[in-house]
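> Dropping a prediction and its sequence here:
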Amino acid sequence: MAVLGLGGILYAWRRSSRAARYPPGPTPAWLTGNLHDLPSGGDEWVQYRDLSRKYGSDVIHLNIFGSHLVVLNSVRVANDLLDHRGSIYSSRPRMVMLKELMGWDWSIVLMSYGETFWTHRRIIQQEFQPRIVTSTYQPIIARECKMLLANLLRAPDHFVHHLKSLAAAEIMMISYGHQIDPEGDKYVKLAEEVRESGVGPPGSYLVDLIPALKYIPEWFPGADFKRHARWGKGLALRMRQEPHDLVKEKMAAGVAIPCLTSRLIETLPSTSDISKDELIMSCTGAIYSAGADTTTIALTNFILAMILHPEIQQKARAEIDAVAGRDRLPDFSDRASMPFINCIVKEVLRWKPVAPLGVPHATTENDIYLGMFIPKNTTIVPNLWAMLHDPEVYYDPEEFIPERFLPTETREACPDPSRVVWGFGRRICPGRHLADTSLWMTMASLLWAFDFEKPKDARGNIIEPNVTYGSDIVSVPSEFSCQILPRSRDVASLINSFDFEH
Ligand code: HEM
């Protein structure tokens, strides 16, 4: 019996180790695992796609100091796991520096899956549903678009700064009813500082690989990251607290502009496990950090696409002029009549995905997928870039071709990239309706008002843009120059006549 029992255990062990192999990937080294195989140095999304091709699998596994990392390189596997098995694929990875030392798990973006996550998620989903975007946020977007046009007319060279102001102004008005000071806003500055504090000094990344380092004292040589974390934690608290307190003061004085914060203060029932103020502050704080940079980057990529493709500008303008004419700006109600502008929005998000590797998910249970073992607490990276640049799905994927989304007699339309660019399953971007509306209106208004051209040097030679992309979760394009000119004198006079006081 004993021999049978031992044999049974050995059989079961061998069977499970054979049946439950990790997904394919490079062979890990002893102790460090695949640390040296981890893509680095830029365009990591391309390197992950190449690993996927090398190992002949859309699902790739790496082991970093014993922690599991799985990269998903196709829409099919992302749908299978992140959408259909969402109950166990919807958490976020551990993130020792950001969550445990800097305390950023107040933000829904980084929050682990569970009750507290759902408390935040329900509020944000409710407040950014299409109906509320149309009724409440469209007027804010329209006003800020006009302000953007005025800023570009005045100082066209600072276009990225103006795009940042547009995104910040929309979110500050939506969240706090606060009109930002264009010359330098205290709350926007604070939010920017918080974002920058997320990139810690050397050592910050190491503590994510070797979590035990979080216990070394602040005075210890090389422990700068611990001091940085304490500072960053305080900064993030101020960023959430100060604009929130401003709304409460204004409400008390009866002068608050209705906004998300005032609405939630008035309508949200008190909760037992988290203070109501804390809950509201965390939701609005997360919205700024998730929504401002993403919108700015997408619009910067749009301007790059436009200077590279004057023929697309021309085609887009013909559509806008035919629908809106030259006496007024495009309006939200024009959208259905401007299919080509819609295609441009889609293509900008596909061509240069704002978050090429998405936001990592994490598993909360062991799983087996197509015979591959994916353990509990695995970090899951959806390679959005690979999905949006799959040549089987999007022909000439590196090229900017908005027409790919319009069917022709010989070719079907390419799939809508919306099924990828906003992420997946229970963590799909809850701000997507706002972002899409804001991007459409801004792109249509910019094309209505301006010509975008490559700049020229002193001798009149065209300067070609040479743009590279950063490797953070959101991939920031490097600076480039652009010549932005009003399409006519009438456009300039109309923009100069905008009244921002009422
Ligand atoms: C071009 C603009 C934007 C893009 C491309 C984008 C993309 C994304 C992506 C890929 C995710 C991760 C989804 C996942 O985990 O699978 C995400 C999450 C999120 N986004 Fe957006 N986003 C944009 C704008 C916005 C805006 C304007 C808001 C503000 C309302 C927003 C709020 C959020 C929040 C709160 C999350 C975290 C959701 C969660 O963890 O459950 N995003 N976004």
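Structure received. Model, not experiment: these values are computed from the prediction.

> For F452, which three-state class applies?
Following DSSP: H, G, I helix; E, B strand; the rest coil, F452 is assigned to strand.

> Distance of it relative to V354?
Look at F452 and V354: by Cβ to Cβ, to the nearest Å, they are 20 Å apart. The C-beta positions use only the backbone N, C-alpha and C, and glycine is treated the same way.

> Kindly report the same for S107.
Distance, S107 to V354, by Cβ to Cβ: 18 Å.

> what residues does the stretch 101-250 of the chain put near the ligand?
With Cβ under 6 Å from any ligand atom as the criterion, the stretch 101-250 of the chain meets the ligand at residues I108, V109, R121, I124, F128.

> Just the residues you listed: which are in strands?
With strands identified by DSSP state E, none of the entries of these belong to them.

> Looking at the residues you listed, which is nearest D224?
Relative to D224, the closest of those is V109; by Cβ to Cβ it sits at 25.2 Å.

> Could you pull up the contacting residues of the closest residue to the ligand within the stretch 1-150 of the chain?
Using Cβ to the nearest ligand atom, the closest approach of the stretch 1-150 of the chain to the ligand is made by V109 at 4.2 Å. By Cβ atoms under 8 Å, 6 or more residues apart in numbering, the contact list for V109 reads R92, A286, S289, A290, V359.

> Output those in TSV; the columns should cover pLDDT, distance to L406 and neighbour count.
Compiled in TSV, these are given as follows (pLDDT from 0 to 100; distance: Cβ to Cβ, whole Å; neighbours: other Cβ atoms under 10 Å):
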residue	pLDDT	distance to L406	neighbour count
R92	97	37	23
A286	95	36	22
S289	90	35	22
A290	94	31	21
V359	96	31	19
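
> Please identify which of the residues you listed is nearest to A336.
Closest to A336, out of all of the contacts of V109 and judged by Cβ to Cβ, is A290, at 28.2 Å.

> Report the contact partners of the residue of the stretch 151-300 of the chain found nearest the ligand.
Nearest residue of the stretch 151-300 of the chain to the ligand (Cβ to the nearest ligand atom) works out as G291 at 3.0 Å. By Cβ under 8 Å, 6+ apart, the contact list for G291 reads A167, I171, G431, L434, A435.

> Which SSE is immediately downstream of the longest helix anywhere in the chain?
Assignment by DSSP state H gives helix 276-308 as the longest helix of the chain. Later in the chain than helix 276-308, the nearest helix or strand by DSSP states H and E is helix 310-324.

> now the angle from that following helix to helix 276-308?
120 degrees (axes from the mean of the first three to the mean of the last three Cα atoms, to 10 degrees).

> Helix 310-324 packs against which elements?
helix 276-308, helix 339-351, helix 432-449, strand 450-453 (3 or more Cβ pairs under 8 Å, 6 or more residues apart in numbering; DSSP states H and E).

> Columns distance to H228 on top of these, output as TSV?
Below are those laid out as TSV (distance: least, Cβ to Cβ, whole Å):
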stretch	distance to H228
helix 276-308	18
helix 339-351	33
helix 432-449	31
strand 450-453	40
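
> Figure out which of those is closest to G56.
Minimum separation from G56 across these (Cβ to Cβ) falls at helix 339-351, 25.1 Å.

> what sits up against whichever helix or strand comes after the closest one?
Using DSSP H and E, the helix or strand that follows helix 339-351 towards the C-terminus is strand 361-362. For strand 361-362, contacts defined as Cβ under 8 Å, 6+ apart pick out 82, 89-94, 112-113, 377-380, 382, 424-425, 427.

> could you redo the last one with a cut-off of 6 Å?
Contact with strand 361-362 is made by Y89, S91, R92, P93, T379, I380, as judged by Cβ atoms under 6 Å, 6 or more residues apart in numbering.

> before we move on, back to that, filter the contacts of G291 down to the buried ones and hand me the ChimeraX line.
Remark: buried members of the contacts of G291, expressed as a ChimeraX selection using 16 or more other Cβ atoms under 10 Å:
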select :167,171,431,434,435
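
> circling back to that earlier point, report the angle between the longest helix of the chain and helix 339-351.
Interaxial angle of helix 276-308 relative to helix 339-351 (the same axes, to 10 degrees): 100 degrees.

> Got phi/psi on the residue of the stretch 1-150 of the chain closest to the ligand?
Phi and psi for V109, reported as degrees, to the nearest 10, are phi -60, psi -40.

> Name the helix or strand for T261, please.
helix 260-267.

> avg pLDDT for that helix?
What helix 260-267 shows for mean pLDDT is 95.

> And for it, what's in contact with it?
Residues outside helix 260-267 that contact it (Cβ under 6 Å, 6+ apart) are E127, I174, S175, Y176, V247, M251, A256, I280, T284.

> Buried residues, stretch 308-316. List them.
L308, H309, I312, Q313, K315, A316.

> Any chance of a markdown table for those, columns distance to L148 and pLDDT?
Shown next, in a markdown table, are these (distance: Cβ to Cβ, whole Å; pLDDT from 0 to 100):
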| residue | distance to L148 | pLDDT |
| --- | --- | --- |
| L308 | 21 | 98 |
| H309 | 21 | 98 |
| I312 | 20 | 98 |
| Q313 | 17 | 98 |
| K315 | 22 | 98 |
| A316 | 17 | 98 |
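
> Now tabulate the residues you listed in JSON lines and tack on distance to the ligand.
Listed next are those as JSON lines, based on distance: Cβ to the nearest ligand atom, whole Å:
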{"residue": "L308", "distance to the ligand": "20"}
{"residue": "H309", "distance to the ligand": "20"}
{"residue": "I312", "distance to the ligand": "19"}
{"residue": "Q313", "distance to the ligand": "21"}
{"residue": "K315", "distance to the ligand": "23"}
{"residue": "A316", "distance to the ligand": "19"}
